[in-house]
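In: Dropping the sequence and predicted coords here.
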Amino acid sequence: MMKRDRLLELLKKTGALLEGHFLLSSGLHSDKYIQCAKLLQYPDIAEEIGRALALRFAHERLPAPDLVASPALGGLIIGHEVASALNVRHIFIEKDSDGKPALRRGFDIKKGEKFLVAEDVVTTGKSTREVLDVLRAIGGEPVAIGAIVDRSSGRKLPFEGIPLIALEKLDIATYDPKDCPLCAKGIAVVKPGSRKQ
């Protein structure tokens, strides 16, 4: 199993743990941001993280998934690496021309197939929920959600009853924009993620 210090070391070493004033895909603001693309840009690190998450999932003794599914864009690399470590296929959910989450590119899932959702960071669970909704609607059965980092800080996530397995839990403050102390100080907000509001 990956030790806590190892992941934090990698986040810092790759510049993936940022400090400033950030607009999260959830609409919340934060003084820290985890940019996993910077972590996963190194194939050896991506493989190490994917194997560690697959091992953590295996340790939970949940039903084996038939596939791993991820939200595009943030979950693509980690999803592929987890699927590789579990020796199953990997698919992803992306927006269609109307901006709605959809299964595209000829991907398919059979009724009753079990899937693991692989994410980079879970904050509010919005993109994870989209993957769950799309695949459940066509008969898929979720077994768990795996994430590099759980930064939900105890908030209720929109996938109750499905285990969340993360390599690390980080309690990072988030603020409603109307109550944000960084906004009150006049610090410019930056949106570093890939998701449109």
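Out: Yep, it's here.
In: What count of nearby residues applies to Asp108?
Out: By the criterion of other CB atoms under 10 Å, Asp108 has 8 neighbours. Glycine gets a C-beta too; all of them are placed from N, C-alpha and C.
In: Show me the helices in the chain, by range?
Out: 4-13, 36-40, 43-59, 76-86, 126-137, 181-184 (DSSP state H).
In: Next one: the residue nearest in space to the middle of the chain, what pLDDT does it get?
Out: In the chain, the residue lying closest to the centroid (CA atoms, centre = their mean) is Glu119, at 2.3 Å. Predicted confidence (pLDDT) for Glu119: 94.
In: and if you look at Leu39?
Out: The model's pLDDT for Leu39 equals 94.
In: which one is it nearest to, not counting chain neighbours?
Out: Leaving aside its chain neighbours, Leu39 sits nearest to Ala16 (4.0 Å; criterion: CB to CB, 6 or more residues apart in numbering).
In: still on that earlier bit, and Ala144, which of the helices of the chain is closest to it?
Out: Between Ala144 and these, the tightest spacing by CB to CB is seen for helix 43-59, at 6.2 Å.
In: Run through who's touching the closest one.
Out: For helix 43-59, contacts defined as CB atoms under 8 Å, 6 or more residues apart in numbering pick out 1-2, 7, 10, 14, 39-40, 77-78, 80-82, 84-86, 116, 118, 144, 146-148, 165-167.
In: which residues in this protein form strands?
Out: In the chain, the strands defined using DSSP state E lie at 17-23, 29-34, 67-71, 89-95, 101-103, 114-122, 141-150, 164-169, 174-175.
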